[in-house]
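J.: coords below, sequence missing:
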């Protein structure tokens with residue numbers, strides 16, 4: 001693709017990356033003395049969405065914003081560099097604990113920071129993944145349904161999803 005279509009900018013889906021980072025942090029949180037890492041997993045995952053959405057497709061800014069999230073844990077909220085000089089929130093924790101070091105290893109991993117540059121600023125598959133989960137609730141894969149029943153369950157899934165999706169709330 002790079003050689004055939006160099007003018008197309010390719011992005012990664014935030015949902016997939018956030019899910020991967022979340023599971024890495026949950027795993028690190030199970031290490032003795034690192035229980036706090038698991039407590040930060042959701043925060044780091046949510047922060048990744050914010051980074052992608054608020055960086056307008058600028059990979060450098062997205063990486064800076066993501067990399068400085070580790071500073072939140074130890075109450076450092078400014079001096080993050082020229083692209084993103086200070087945080088936009090309140091205070092937080094401690095810098096030399098084992099949990100902090102494990103969290104830092106995941107959040108500042110070189111592969112992750114490289115991939116974060118390519119996060120999609122707008123289009124996400126999380127809504128599609130959510131819809132699929134609703135479909136599986138109303139029409140479990142392990143159960144056989146005849147066509148009319150399956151169609152009714154899919155309609156019900158679509159109605160339920162559309163009624164409860166955040167995009168449709170007014």
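T.: Thanks, I have the structure now. Because the structure is predicted, anything quoted here is derived from the model rather than measured.

J.: quick one: residue 14 and residue 48 touch, right?
T.: Yes: counting by CB atoms under 8 Å, residue 48 is a contact partner of residue 14 at 6.0 Å. Every C-beta, even on glycine, is put in place using the N, C-alpha and C of the backbone.

J.: between these two, which contacts overlap?
T.: Taking CB atoms under 8 Å, 6 or more residues apart in numbering as the criterion, residue 14 and residue 48 both touch residue 119.

J.: for the closest residue to residue 118 other than its chain neighbours, what are its contacts?
T.: Spatially, and ignoring its direct neighbours in sequence, residue 118 is nearest to residue 12 (4.8 Å; CB to CB, 6 or more residues apart in numbering). By CB under 8 Å, 6+ apart, the contact set of residue 12 is 115, 118, 119, 120.

J.: show me what the third one is bridged to.
T.: Counting by DSSP bridges, residue 119 forms beta bridges with residue 12.

J.: next, count neighbours for it.
T.: 24 (other CB atoms under 10 Å).

J.: next one: the first one
T.: Neighbouring residues of residue 115 were enumerated by other CB under 10 Å; the total is 17.

J.: tell me the buried residues in the helix or strand in which it is found?
T.: Counting by DSSP states H and E, the element that carries residue 115 is helix 110-116. For helix 110-116, the neighbour count (16 or more other CB atoms under 10 Å) marks 112, 113, 115, 116 as buried.

J.: quick revisit: any idea how far the residue nearest to residue 118 is from residue 62?
T.: Between residue 12 and residue 62 the distance, using CB to CB, to the nearest Å, works out to 11 Å.

J.: looking at the chain, which helix or strand does the model trust least?
T.: helix 69-72 (a mean of 74; mean pLDDT, DSSP states H and E).

J.: got the contact list for whichever helix or strand comes after that one?
T.: Once the chain leaves helix 69-72, the next helix or strand it forms, by DSSP H and E, is helix 98-107. Outside helix 98-107, the residues within contact range by CB under 8 Å, 6+ apart are 21, 24-25, 28-29, 31, 33-37, 40, 44, 66-67, 69-70, 73-74, 93-94, 112.
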